[in-house]
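1. kindly return the folded structure for what I paste below:
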Amino acid sequence: MNLLIYGATELGYMLAQRLYQEHSITLIDNRERLPEKFNNLDISFISGSAADVDALEQADLKKSDLFIACSSLDEANIVACWTVKKIVDIETICFVRTMELYRNLSSPKQNRYQTPYDIDTIIWPEQLLTQDIFRIISVPDAIDVEYFAEGRVKLFEYRIKDDSVLRHTKVMDCSFPKNVLIVGITRENHLFIPDGSTLIEVDDKVIFMGLGPALDNLAASIFQTGNTTKTAVLIGGGSIGLMLAQKLEQAGIRVKIIEHDKARCVLLADNLKKSLILNGDGTDLELLEGESVGEADVIVCITNNDEKNLLCSLLVKQLGSDRRIITRVSNERTAHLFERVGVDVVVSPRESALTELLNRVQARDVNILALVEGGQGEVLRLTLPESFPDTKVMDLKFKAQAIIGVVKRGRRLVIPSGETVIQAGDLLKIFTMAEDTEDVKALFV
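-> Predicted coordinates:
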């Protein structure tokens, strides 16, 4: 596929880095030369604006299959997508960074005024991140949560603590509810796919996949003490804070928001029905102590500043809190640092957006449903072609690290064993390492 990307931003780099080996990529940016980190990527570069017809023609737009606008200016992204549509009818994806633009461009009202120049997909990373955080909060103690097949299939990730019944236990000896599999383990920031003899250690992050009710039983029987999330403190009342508070209110969770900007506090108070809005600084230790922040079931640090989020997280830890701390990070390179100093869950709007983007450039019969551990692992959805012969799972000749987590046949969902027979038309959900994705596809497609 020929991809044209507008914007040498961090997201533009992440996308190019992920796709340049399988796709032909041309990148347009207003700067004269690309940042140094792009030098190790085999891509073409055009200096100019994607809203400039001459630059688009120089990039051979008519041979492109997909246009992605992810520059740092929302308006430039929008105009670039409109300009592309004037030249050639290809799919366009536009990134925006404000709630107002997202709502205006994606509102159902827009359907009344459709034109040939409409943008095909609007992505607002903060909205996707809000959904990710809410899923994690909804499962106490989990550090990652993904739902597939309308919630009938789930993926939960847990960190193994000192008192866990799973510590120092081989995978084959673990007693799980039926229809649950361990599909991955992260140890010292390295993700791998275990076998039956793998020993689960303290501080491992273990990824479980299975049917929804079975995962819920796992959460209740092994990782919870019967507690549910009843209270949450949000440090940061920006767009994510507002949207997340609305979702938490609907779920019956009591919310406190700490926001330093007075005008923003007024807006939050006008738009939230039950949340307590506090005008203050999340790095103010006296405020945190006075408001009993450390006693909340979950604390979410979601300002737009990585350093402040880290400091807020450390201060909450200093209060002696053993509650879950979820922290937003924009710079992927600092995510591991956050975990090392005790942050339970690190989330990124760019990673949320990358998952959405990758689905747009996959073949129709293969989708990336989720990225795991900063993109080290992937959950693929893959439909077996009509030519695929009936085959037992144990007889598949995998050249890569992969586990078939779920087989869907019609409305029926099966967590497979080695004896399970897969056949043409089955829809598989496969957990694999990112570098092995192409080998997995080659085996089935």
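
2. hmm, who's touching whichever strand or helix holds Leu337?
-> Assigned by DSSP states H and E, Leu337 falls within helix 335-340. Helix 335-340 is contacted from outside by 189, 310, 313, 327, 329, 346, 348, 374, using CB atoms under 8 Å, 6 or more residues apart in numbering. Glycine gets a C-beta too; all of them are placed from N, C-alpha and C.

3. relative to Leu278, which of those is nearest.
-> For the contacts of helix 335-340, the residue nearest Leu278 by CB to CB is Ser313; the value is 17.7 Å.

4. before we move on, back to that, just how off-centre is the helix holding Leu337 within its chain?
-> Centroid separation for helix 335-340 versus its chain: 17 Å, with CA atoms, centre = their mean, to the nearest Å.

5. and the helix or strand of the chain with the lowest mean pLDDT, how far out from the chain middle?
-> Across the helices and strands of the chain, the lowest-confidence element by mean pLDDT, DSSP states H and E is strand 366-372, at a mean of 76. Relative to its parent chain, strand 366-372 has a centroid offset of 9 Å by CA atoms, centre = their mean.

6. strand partners of it, parallel vs antiparallel please.
-> strand 377-383 (antiparallel) (DSSP bridges).

7. which strands or helices does the helix or strand that comes right after the strand it pairs with pack on?
-> Proceeding N to C from strand 377-383, the next assigned helix or strand is strand 391-392, under DSSP H and E. Under the contact criterion of 3 or more CB pairs under 8 Å, 6 or more residues apart in numbering; DSSP states H and E, strand 391-392 touches strand 421-422.

8. which neighbouring elements make contact with the strand it packs on?
-> Secondary-structure packing of strand 421-422 (3+ CB pairs under 8 Å, 6+ apart): strand 391-392.

9. quick check: mean pLDDT of the strand it packs on?
-> For strand 391-392, mean pLDDT rounds to 93.

10. what pairs with it, parallel or antiparallel?
-> strand 421-422 (antiparallel).

11. and the host helix or strand of Glu126, what's buried?
-> Secondary structure from DSSP H and E places Glu126 in helix 125-137. Buried positions in helix 125-137, judged by neighbour count with 16 or more other CB atoms under 10 Å: 125-130, 132-137.

12. what does stretch 42-50 give?
-> By neighbour count with 16+ other CB under 10 Å, stretch 42-50 contains the buried residues 43, 45-46, 48-50.

13. going by distance to Ala149, which of the residues you listed wins?
-> Among those, Ile43 lies closest to Ala149 (CB to CB), at 35.5 Å.

14. skipping adjacent residues, who's closest to the closest one in space?
-> Nearest non-adjacent residue to Ile43, counting by CB to CB, 6 or more residues apart in numbering: Ile25, 4.3 Å away.

15. do you know the pLDDT at the one you found?
-> For Ile25, the pLDDT comes out at 94.

16. dump the residue contacts of it.
-> Ile25 sits next to 3-5, 16, 19, 41, 43-44 when contact means CB under 8 Å, 6+ apart.

17. direction included, what does the strand or helix carrying it pair against?
-> For Ile25, the host element (DSSP H and E) is strand 24-29. Paired strands of strand 24-29, with direction, are strand 2-6 (parallel), strand 44-47 (parallel) (DSSP bridges).

18. how much space separates Ser106 from Glu91?
-> The spacing between Ser106 and Glu91, counted by CB to CB, to the nearest Å, is 16 Å.

19. cool, Ser175 as well?
-> 48 Å.

20. ok, Val165 next?
-> Counting by CB to CB, the gap from Val165 to Glu91 is 49 Å.

21. do Val171 as well
-> Distance from Val171 to Glu91, by CB to CB: 42 Å.

22. pull out the buried members of the contacts of helix 335-340.
-> Neighbour counting over the contacts of helix 335-340 (16+ other CB under 10 Å) leaves 310, 313, 327, 329, 346, 348, 374 as the buried ones.

23. give me the buried positions along the helix or strand hosting the second one.
-> Under the criterion of DSSP H and E, Ser313 resides in helix 306-318. By neighbour count, with 16+ other CB under 10 Å as the criterion, the buried positions of helix 306-318 are 306, 308-310, 312-317.

24. how far does stretch 323-335 sit from the chain's center?
-> Relative to the chain's own centre, stretch 323-335 is displaced by 13 Å; criterion: CA atoms, centre = their mean.

25. tell me where the stretch 51-200 of the chain has strands.
-> Using DSSP state E, counting those that start in this stretch, the strands of the stretch 51-200 of the chain run over 66-69, 91-95, 121-123, 144-148, 153-159, 169-170, 180-187, 190-192, 199-200.

26. Ser175 and Glu91: which has the busier surroundings?
-> The residue with more neighbours, out of Ser175 and Glu91, is Glu91; 16 against 9, by other CB atoms under 10 Å.

27. perfect, I'm done here.
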